[in-house]
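1. give me a 3D structure for the following:
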Amino acid sequence: MAERLGLRLRFALFFAALGIGGVAIIAAALWFGQSRAGRDPGGYVIAGVVAALGVLGLAAWIGLLFDENVAKPILALASDLSTRARADVDLEIDETQAKHLSTLAPAANAINAALAEARAARQRAIERETARISREKALFEALFRDLGEGAVVATPDNRVMLYNRMAQELLGEIGLDRPLSAFLRPEPVLDALKRMQAARIRGRISAETFLAASADGTRFLLGRVSPILSDEEVTGHVLIFRDATDDLSAHAHNDHLFNSLLEGVRRPAATIGALLDVLQSGDDLLPETRARFRQGIEDEVGRLFGCLDDMGKRHSAARSRRWPMSPVAVSHIFDGLSAQIDLPLATGETDATLICDGFAITALLAQVIDGLTETGERRDLALGAEVEGEETRLVMTWQGPAVRDGEIAGWLARPLSTAYGDYTGRDALSGHQSDLWCEPTATGHRIVMPLVSGAPPLALGDARPEFYDFNLPDAPMGDLAERALADLSFVVFDTETTGLSPRGGDEIVQIAGIRIVNGRILRGEIFDTLVNPGRAIPPASTRVHHISDDMVTDAPDITQAGQRFHEFCKGAVLVAHNAPFDLAFLRLKEQVIGRRFDNPVLCTVLMSAGLFEHTGAHTLDALCERFGVTIPPEARHTAMGDTLATAEVFVQMLELLKAKGVTTLGGAIAEEGRMTKIRRAQNY
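-> Have a look, this model is predicted:
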């Protein structure tokens, strides 16, 4: 039974027993004295009461001093040591909290230092042993991440355990441990899996093809699925796919063009044929009638040529969409030109990106430079880029005579390269739906070629998504409450609002969330959006989270933002610091959003109260200080900044819960329920 009693309670019981025992001894002594003296017992009773109260008061006072200066510091030291042992925190223990415990606090710090050194030694050993694996992992990531096709590796129950950057571009907010059905219409994939399994039963292992729409129906993906076998058992499958939307659209467009051409040609041709028959067979036609027939033929020929011209333009536009385009840095084109031509060429620095065939544009610019320098009269060639909205203009400037239109036409008529066959510079411009021309400048002349701007490349400092996790737990079985915390996916989230009263008319102005899978914070799988609250944001609230009315003017409303956040949270346990506050705002809007936020919920405030009962400090700042988590000042009280801090704290707390014997979701929720009463007395 003593093991179930807390340390402070045991000390309290000890001093209570000491006080009661003292009272009993005094009472017995006074009774014995009175019985021997045989006098009036009134004086003995008064003396006994006074002595008993004195002993009880003294025991209580000493007990309180002991609790404050011994019991609480011992619990604090134990908690700090447990935190550092279980949560991998190497901060030095604050010795001032145990100043009355003599050398116990320095000894605890010595243990902490030894533990930190042991961890460091273990880490060095692990780093040496895993160096080769890390190199192979980096090679794997580089190869897989930049594949030109989308690739997803799924578990047998169709949850994502790996994906690459192209899959992320094609499928949107794909994430680890999330079902494929959240991103793809599942029926075609399931059919391909059935065919794959049937083929395997027949002894044939091969890929099966599928054509599936994305979950939102905006893309069509043509792909193939292959099994992953381990000891003759299927442990997952690989999906490789590409965007077939443009292919299907182009096929439909070409069919439409062909049918339109037939319709456009058939009627004029039939009319021309009929009029010619009349003219050839009607020798007795009046001159006026013959002239009308000839005019009719001319009109129909005009319609015929108009139809052919229109079809040619539409076909050219369709062909240009089909030509392979990709994001290309303008600086790479400039570098390629400088290496290709044998003359001085000044190039300006630029971080602009184009959507183009980089080889074709480089070869075309080389042709232009060859033409400009043929006569030797033009000098001081320079190449630059001018970005204007969605268009980037490549500009070639020089000193010397201007260029005639006939010269440009001659340059563009040449084949670009033997690799392209008869494909000319004019064909390349047509494929890019562009043109180039010469125009004068204040100091000379320049040739301008506009192209479509591309998105800026990923910066080196950008957060890189976690693309894979091969250690996902097996498919969930049984009651969710009985599942281990380590096997669950979590979404840690935070909101910023117009005020503190969800039922009093306050609204959400920002929602942020981040996913945790297998104990890893997936910094590439985040949700972060401003929300238009439909009302003014009070200046007092803006001073806290720095979100103003102007910032949310074009932001989605709670309906759109809430639906997207609900999709992001599917299949996950929600985690927040003071979760009831944030959930109140979401659940009051469930009818407007059209979704129910019925996910299991964990609150880091209540978790802290259960783990650190000796202290009343359960604020996010206090937890960050306890676990050595740093929140940049500019990120504090922003939804994403607080979310990241809460996620780091929560991951550390999971280890402490495990050490305490709380390993399941039901156990964690029960622990929170036990600490709910503490919440009312804390400042969050």
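2. and for A212, nearest residue in space, chain neighbours not counted?
-> Closest residue to A212 apart from its sequence neighbours, by C-beta to C-beta, 6 or more residues apart in numbering: P188 at 4.0 Å. From N, CA and C alone the C-beta is placed, and that goes for glycine too.
3. correction: the previous question concerned P186.
-> L180 (6.4 Å).
4. what about the residue nearest to A212, neighbour count?
-> 17 (other C-beta atoms under 10 Å).
5. how about it, what does it touch?
-> F210, L211, A212 (C-beta atoms under 8 Å, 6 or more residues apart in numbering).
6. which PyMOL command selects the buried ones in those residues?
-> Only the buried entries of the contacts of P188 go into this PyMOL selection, using 16 or more other C-beta atoms under 10 Å:
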select buried, resi 210+212
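7. tell me the one among the contacts of P188 nearest to I46.
-> Of all the contacts of P188, A212 has the smallest distance to I46: 93.6 Å, by C-beta to C-beta.
8. wait, that closest one sits on F220?
-> Yes: between A212 and F220 a contact is recorded at 7.5 Å, counting by C-beta atoms under 8 Å.
9. quick one: residues contacting E407.
-> G371.
10. am I right that it sits in a strand?
-> No: counting by DSSP: H, G, I helix; E, B strand; the rest coil, one finds E407 to be helix, located in no strand.
11. now do the same for it: its pLDDT.
-> E407 carries a pLDDT value of 86.
12. just S82 next, same as before
-> We note a pLDDT of 69 for S82 in this prediction.
13. ok, now the one 5 residues further on?
-> The confidence metric pLDDT takes the value 63 at A87.
14. over to V629?
-> For V629, the predicted pLDDT is 86.
15. can you name the residues that contact the nearest residue to it once chain neighbours are set aside?
-> Excluding the flanking residues, the one nearest V629 by C-beta to C-beta, 6+ apart is E648, at 4.7 Å. Contact partners of E648, counting by C-beta under 8 Å, 6+ apart, are I521, C624, F627, V629.
16. name the nearest residue to E634, sequence neighbours excluded.
-> In space, E634 is closest to G641, 7.7 Å off (C-beta to C-beta, 6+ apart).
17. and the closest residue in space to T498 that isn't next to it in sequence, how close does it get to M640?
-> Distance criterion C-beta to C-beta, 6+ apart; nearest residue to T498, sequence neighbours excluded, is D506 at 4.7 Å. Distance, D506 to M640, using C-beta to C-beta, to the nearest Å: 20 Å.
18. same deal with T350?
-> For T350 relative to M640 (C-beta to C-beta), the value is 31 Å.
19. I174 too?
-> 20 Å.
20. swap in R159?
-> In terms of C-beta to C-beta, R159 sits 26 Å off from M640.
21. then S434?
-> S434 is 40 Å from M640, by C-beta to C-beta.
22. contacting residues for the closest residue to A360 other than its chain neighbours?
-> Spatial nearest neighbour of A360, excluding adjacent residues (C-beta to C-beta, 6+ apart): A428 at 4.5 Å. Counting by C-beta under 8 Å, 6+ apart, A428 makes contact with D357, A360, I361, A363, L364, L416.
23. can I get these in CSV including distance to V552, secondary structure and neighbour count?
-> Shown next, in CSV, are the contacts of A428 (distance: C-beta to C-beta, whole Å; DSSP: H, G, I helix; E, B strand; the rest coil; neighbours: other C-beta atoms under 10 Å):
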residue, distance to V552, secondary structure, neighbour count
D357, 41, coil, 20
A360, 44, helix, 23
I361, 41, helix, 24
A363, 48, helix, 21
L364, 46, helix, 28
L416, 50, coil, 24
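24. among the contacts of E648, which one lies nearest to L586?
-> I521 (21.9 Å).
25. ranges for the helices of the stretch 301-450 of the chain?
-> For the stretch 301-450 of the chain, the helices defined by DSSP state H, counting those that start in this stretch cover 330-340, 358-372, 405-412, 425-431.
26. list the buried residues for the third one?
-> By neighbour count with 16+ other C-beta under 10 Å, helix 405-412 contains the buried residues I408, W411, L412.
27. between those, which is nearest F334?
-> F334 has its nearest neighbour among the buried residues of helix 405-412 in W411, at 19.4 Å by C-beta to C-beta.
28. the closest one contacts L365, correct?
-> No: proximity of W411 to L365 does not meet the contact threshold set by C-beta under 8 Å, at 10.7 Å.
29. pull the helix or strand with minimum mean pLDDT from the protein.
-> Least confident helix or strand of the chain, by mean pLDDT, DSSP states H and E, is helix 245-281 with a mean of 65.
30. could you chop the chain up by domain?
-> 2-127, 135-243, 247-322, 326-452, 480-679 (automatic domain parsing).
31. how many residues are close by L190?
-> Neighbours of L190 using other C-beta under 10 Å come to 16.
32. so what pLDDT did it get?
-> 85.
33. thinking again about what came up before, for I516, see how far away the residue nearest to P186 is.
-> 20 Å.
34. equivalent analysis for A617, please.
-> Distance from A617 to I516, by C-beta to C-beta: 24 Å.
35. who's more crowded, those two?
-> I516 (24 against 13).
36. now that one. Nearest residue, chain neighbours left out?
-> F490 (4.2 Å).
37. strand partners of the helix or strand containing the one you found, parallel vs antiparallel please.
-> F490 belongs to strand 489-497 when assigned by DSSP states H and E. Pairing partners of strand 489-497, with direction, according to DSSP bridges: strand 508-517 (antiparallel), strand 573-576 (parallel).
38. make JSON lines out of those and add mean pLDDT and distance to R200.
-> Shown next, in JSON lines, are the strands paired with strand 489-497 (pLDDT from 0 to 100; distance: least, C-beta to C-beta, whole Å):
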{"stretch": "strand 508-517", "mean pLDDT": "94", "distance to R200": "29"}
{"stretch": "strand 573-576", "mean pLDDT": "93", "distance to R200": "36"}
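39. so which of those strands is nearest A339?
-> strand 508-517 (43.7 Å).
40. tell me the strands beside the helix or strand following the closest one, with direction?
-> Next helix or strand after strand 508-517 toward the C-terminus (DSSP H and E): strand 520-530. Here strand 520-530 is paired, per DSSP bridges, with strand 508-517 (antiparallel).
41. buried sites along the strand it pairs with?
-> Buried residues in strand 508-517 (16+ other C-beta under 10 Å): I508, V509, Q510, I511, A512, G513, I514, R515, I516, V517.
42. give me the pLDDT for Y44.
-> 68.
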